[in-house]
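Student: have a look at this prediction, sequence included:
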Amino acid sequence: MEKNIKLWSSLGMRATFGLIALDLVKKNPNLIITTSDVSTSAGLDRFKNQFPENYIDVGIAEQNLIGVSAGLSSEGYDVISTTFSPFQTLRCCEQIKVNLGYMKNKICMVGLASGLVLGNLGFTHCSIEDIGTLRSIPNISIVVPSDPFELYKLLNKAISYEDSIYIRLTSGANSKIINSKDYDFKIGKAVEILKGEDVVIIGNGNILHNCLEAAKQLKEKEINCTVINCHTIKPIDKDMVKDAAENNRLIITVEEHNIIGGLGSAVAEVLSEEKNSCKLIRLGANDFYSSGGSYDYLKNIYGLSIEKIIKTVLSNF
Amino acid sequence: MNLKKTKLFAENIRKNILFTAHKAGSKSAHIGGALSVADIFAVLYSDILRINKKKIQDENRDRLILSKGHACLALYSALAQKKIISKKDLETFESDDSNLLGHPIMNKSIGIEFSTGSLGMGLSLGIGVAIAAKKKKKKFKVFVILGDGECNEGSVWESVLCAGHFKLDNLFIIVDRNNFQQTGENKSIMDLKNLKSKFKSFGCETFEINGHNLKEIYKTLNLKTKNKPRAIVANTIKGKGVQMFEKDNNWHHSIITNTTYKNILKNL
């Protein structure tokens, strides 16, 4: 498994998704992957060639993608749909609402390259609104795997999960390893990946690497951070949030998303109902579209770089 | 087909539509577009669809998807005529917690395959179902009923292209071409021009028929095609069957008062 973790990490989430899909279909011939002309981008070329009967490309037509997927699901197929995150979510939002939310046809949607990784292509291809939008639709769960290994664990559970799931992939090739050893993964249950006692940093996706690095450097300043991988945004792990609020005086959420509607909002919603609440700082895109640029450039602008996370902790602690 | 029987079936669908719309009272109902598609429903439910009310969820049943969901009164009326639902059920139309709201809600136990009403979504679902049938080597057919106004939606054309591409000859697309949409005539709101040629160029086997000629509807639905989905543009009259409603778009969504109800029953 350790060998896989290294290989997958170098491939990144998208290519790993394609590899895992091969594994999944061998175990489950009832699986169909539907796409909108993204076989290469999703690492699915081998899948497409080896399992043509389990692969349906509907062309660049995402509204139809969701409808066709829901139709297949209603006839008993296990369906994973995939395309780039903005098109997998906002482009077909009402189809998701009606077909998956309202009617509860169950599919698993994989949003490729979400967050800021495609910043060089401009904000048409970034995705900082997907979670906020989908979070308001009943019967859709939202999971943001922290690294390809977690994606592997997630995909193996997502097919048999009770709701439709939106799986949000972040970062590109050479993604960071967040989980270097096997661990217990459950949809809806956050994972403490670093234990501290002063500040809690809650993040998800590959940006957790920056959270861990920031925590490491803060330790040198005698601030011990707990870092929590809150991979599932919906349903949010309320116990984790309550526990963090009770035992700490500062929570910082870190996400590659607008701070409105995403992880920070979900945590704030839980805290707002608690008597023993604590201060919360939400790091992420502060409700504006910045000029485009590299992944690092955008992470810095939105306060998600290691340095800026450290600075935020120090100035609020 | 027993023409006399189908004709009676169509008449009863119309009566059910008017009965239910009248019962709905001030809640009002989509009437014009239900009446225009009534004859198509009559042929489908009387002579074409392989459905068995005792095994309503049989996996081999034909699937009907009413993509123009606002015409739900035609669907409910046909289901009542088939005794899949009761006349008493019709009286619950649009009331609290009813199975029969102003747009269909998925309820496979009473023959409603999907929730529709947001236009332009039904054909994509039908394609998914038709592909599933092919994969499972099942013989059932999928019928999707679109409105002409609905064909303004871009998503309709995404799905038509897809149906043609996948050569879904188990799929029937029926357009209720009544020439009106919510606020006026198609040609003044958004001119659809030649619908039949559009479907043809998207890869369908196309037919243009009189959507009130029961024999012609039946004949067309029975024609064999291979490797192409069928698209049937059925020319209809909005409000058909009730003279004072015909081609009067005020009856797109309206209230049938007691007085109107008495009058129209006399002249049906």
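Tutor: Structure's in. What do you need?

Student: got the residues of the stretch 101-250 of chain B near chain A?
Tutor: Contacts of the stretch 101-250 of chain B with chain A, taken as CB under 8 Å from any CB of the partner chain, map to B:106, B:113-115, B:118, B:120-121, B:123-133, B:135-136, B:154-155, B:158-159, B:161-162, B:165. For every residue, glycine as well, the C-beta is placed using N, CA and C.

Student: of the residues you listed, which belong to helices?
Tutor: B:123-133, B:135, B:154-155, B:158-159, B:161-162, B:165 (DSSP state H).

Student: pull the residues that contact stretch B:257-268.
Tutor: Contact with stretch B:257-268 is made by B:11, B:14, B:15, B:18, B:22, B:241, B:242, B:243, B:244, B:245, B:256, as judged by CB atoms under 8 Å, 6 or more residues apart in numbering or on different chains.

Student: I figured the fourth one was touching residue B:244, is that so?
Tutor: This points to residue B:18. No. Contact between residue B:18 and residue B:244 fails when scored by CB atoms under 8 Å: they sit 11.7 Å apart.

Student: let me see the contact set for residue 168.
Tutor: By default, I'm working from chain A. Here residue A:168 is in contact with A:85, A:111, A:114, A:115, A:127, A:130, A:131, A:142, A:143, A:144, A:145, A:205 (CB under 8 Å, 6+ apart).

Student: actually it's chain B I care about, not the one you picked
Tutor: Residues counted as contacts of residue B:168 (CB under 8 Å, 6+ apart) are B:127, B:130, B:131, B:134, B:142, B:229.

Student: repeat that with 10 Å
Tutor: Neighbouring residues of residue B:168 by CB atoms under 10 Å, 6 or more residues apart in numbering or on different chains: B:126-127, B:129-131, B:133-134, B:142, B:162, B:203-204, B:227-230.

Student: average pLDDT across the host helix or strand of residue B:196?
Tutor: Here residue B:196 sits within helix B:195-201, counting by DSSP states H and E. Averaging pLDDT along helix B:195-201 yields 98.

Student: try stretch A:97-112
Tutor: Here the average pLDDT along stretch A:97-112 is 98.

Student: tell me the helix or strand right after the helix holding residue B:196.
Tutor: Sequence-wise, the next helix or strand downstream of helix B:195-201 (DSSP H and E) is strand B:205-210.

Student: can you point out the buried residues in that following strand?
Tutor: Neighbour counts over strand B:205-210 (16 or more other CB atoms under 10 Å in any protein chain shown) mark B:205, B:206, B:207, B:208, B:209 as buried.

Student: ok so, going back, buried among the ones in helices among the residues of the stretch 101-250 of chain B next to chain A? Make that a PyMOL selection.
Tutor: Here is the PyMOL command that selects the buried residues among those (16+ other CB under 10 Å):
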select buried, chain B and resi 123+124+125+126+127+128+129+130+131+132+133+135+155+158+159+161+162
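
Student: just to revisit the earlier point, closest to residue A:66 among the contacts of residue A:168?
Tutor: residue A:111 (12.4 Å; CB to CB).

Student: how about the closest one, nearest residue that isn't a chain neighbour?
Tutor: residue A:85 (3.5 Å; CB to CB, 6 or more residues apart in numbering or on different chains).

Student: where does that neighbour land on pLDDT?
Tutor: 98.

Student: what pairs with the longest strand seen in chain A, parallel or antiparallel?
Tutor: The longest strand of chain A (DSSP state E) is strand A:250-258. Here strand A:250-258 is paired, per DSSP bridges, with strand A:199-203 (parallel), strand A:279-285 (parallel).

Student: among the contacts of stretch B:257-268, name the ones in strands.
Tutor: Among the contacts of stretch B:257-268, no member lies in strands (by DSSP E).

Student: how far does the longest strand of chain A sit from the chain's center?
Tutor: 13 Å (CA atoms, centre = their mean, to the nearest Å).

Student: what about it, average pLDDT?
Tutor: So the average pLDDT for strand A:250-258 ends up being 98.

Student: tell me which other helices or strands whichever helix or strand comes after it touches.
Tutor: Downstream of strand A:250-258, the first helix or strand assigned by DSSP H and E is helix A:263-271. In this structure, helix A:263-271 packs against helix A:130-135, strand A:199-203, strand A:232-234, helix A:238-247, strand A:250-258, strand A:279-285, with contacts taken as 3 or more CB pairs under 10 Å, 6 or more residues apart in numbering or on different chains; DSSP states H and E.

Student: possible to save these as CSV with distance to residue A:56 and mean neighbour count?
Tutor: Compiled in CSV, the helices and strands packed on helix A:263-271 are given as follows (distance: least, CB to CB, whole Å; neighbours: other CB atoms under 10 Å in any protein chain shown):
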stretch, distance to residue A:56, mean neighbour count
helix A:130-135, 22, 23
strand A:199-203, 35, 28
strand A:232-234, 27, 23
helix A:238-247, 38, 18
strand A:250-258, 30, 27
strand A:279-285, 34, 22
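
Student: ok, which of these comes nearest residue B:94?
Tutor: Residue B:94 lies closest to helix A:130-135 among the helices and strands packed on helix A:263-271, at 30.0 Å (CB to CB).

Student: name the helices or strands packed onto that closest one?
Tutor: Packing partners of helix A:130-135 (3+ CB pairs under 10 Å, 6+ apart): helix A:85-88, helix A:93-95, strand A:108-112, strand A:140-143, strand A:164-168, strand A:232-234, strand A:250-258, helix A:263-271.

Student: neighbours around the closest residue to chain B within the stretch 101-250 of chain A, how many?
Tutor: For the stretch 101-250 of chain A and chain B, the shortest gap (CB to the nearest CB) falls at residue A:103, measuring 4.8 Å. By other CB atoms under 10 Å in any protein chain shown, the residues close to residue A:103 number 20.

Student: ditto for the one 3 residues further on
Tutor: By other CB under 10 Å, the residues close to residue A:106 number 21.

Student: buried ones in the worst-scoring helix or strand of chain B on mean pLDDT?
Tutor: Every helix and strand in chain B was compared by mean pLDDT, DSSP states H and E; the lowest is helix B:258-267, with a mean of 91. Buried residues in helix B:258-267, counted by 16+ other CB under 10 Å: B:260, B:264.

Student: tell me how far that helix is from the chain's mean position?
Tutor: Remark: helix B:258-267 is offset 25 Å from the chain centroid, using CA atoms, centre = their mean.

Student: so who does the residue of the stretch 151-268 of chain B found nearest chain A touch?
Tutor: Chain A sits closest to residue B:158 of the stretch 151-268 of chain B, with a gap of 3.7 Å, by CB to the nearest CB. By CB under 10 Å, 6+ apart, the contact set of residue B:158 is A:36, A:58-65, A:67-68, A:92, B:120, B:123-124, B:127.

Student: now a PyMOL select for only the buried ones of the residues you listed.
Tutor: Of those, the buried ones go into a single PyMOL selection, burial set by 16+ other CB under 10 Å:
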select buried, (chain A and resi 36+58+61+62+63+64+65+67+68+92) or (chain B and resi 120+123+124+127)
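
Student: on that earlier part again, ok, residue B:18 and residue B:244, which is more surrounded?
Tutor: Between residue B:18 and residue B:244, counting by other CB under 10 Å, residue B:18 is the more crowded of the two (25 against 12).

Student: surely residue B:107 touches residue B:113?
Tutor: Yes. Counting by CB atoms under 10 Å, residue B:107 sits close enough to residue B:113 to count as a contact (8.9 Å).

Student: sweet, I'm off.
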